[in-house]
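Enquirer: From the sequence below, what's the structure:
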Amino acid sequence: MRKYLRIGKIISLHGIKGEVKIFPTTDDLHRFDDLKDFYILESEDANDDEFKNIDTFLSEGVKYIKNTCILKIKGYDKIEESIKLIGKNIYVNRENAIPLNQNEYYIVDLLEAKAYLKDKYIGEVKDIMKSSNNGILVIDYNGKDLLVPMVADFVEKIDIGKSIIILKTIEGLI
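Expert: From the prediction side, this is the model:
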């Protein structure tokens, strides 16, 4: 399990006081309300080693415009300073992530999980799609995408610690 979770990407500047506009990569846009310290990295898929010896950034305030977040970062008070951050990603330590409810998962914990139908290996989770009601696992099944809704009718068990997902036997699924 990764120790750091990506929560957004800096997509542009906002105003003249160094604020940046964030495209959230989290389900809860207002999770930025409680954001105190965070990390900024180039990588969209940073591994834990990339966080060694990097600086922590601090939030000085947040506001929202439509589905984006406007973030004021401490020490970034001018456009010239903030422009260097465009295109970079914001991460938080897992301990500072929004707590999950029962049967909720961080997407990063599901990616690359091994999917099984009973004891038979089916493939690896390569993506998670969102629908209005639930997530949909995208499993690489012999080079083709197998789409499996993340509901009890299709998923028997998810074991994040072992990085495995057990699917139910369903007529026509495979």
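
Enquirer: Residues touching the lowest-mean-pLDDT helix or strand in the chain, excluding its own?
Expert: The weakest-scoring helix or strand in the chain, judged by mean pLDDT, DSSP states H and E, is helix 107-110 (a mean of 88). Where contact means Cβ atoms under 8 Å, 6 or more residues apart in numbering, the residues beyond helix 107-110 that reach it are 1-2, 5-6, 125, 128, 135, 137, 158, 160, 163, 165. Bear in mind the C-beta positions are built from the backbone N, C-alpha and C, glycine included.

Enquirer: What is the most widely separated pair among those?
Expert: The two members of those with the most space between them (Cβ to Cβ) are Arg6 and Ile165, at 21.4 Å.

Enquirer: Residue ranges of each domain in the protein, please.
Expert: As assigned by automatic domain parsing, the chain contains the domains 4-95, 107-167.

Enquirer: what about the first one, start to end distance?
Expert: Between the opening and closing residues of domain 4-95 lies a distance of 9 Å (Cα to Cα, to the nearest Å).

Enquirer: for this protein, what spans make up the strands?
Expert: Per DSSP state E, the chain carries strands over the ranges 4-14, 19-24, 37-41, 57-65, 68-73, 89-93, 114-117, 120-130, 135-141, 144-149, 155-159, 164-167.

Enquirer: Identify the residues contacting Asn93.
Expert: By Cβ under 8 Å, 6+ apart, the contact set of Asn93 is 3-4.

Enquirer: Quick check: it vs Ile107, distance?
Expert: 17 Å (Cβ to Cβ, to the nearest Å).

Enquirer: low-scoring pLDDT stretches of this structure, where are they?
Expert: For the chain, the stretches with pLDDT under 70 are 172-174.
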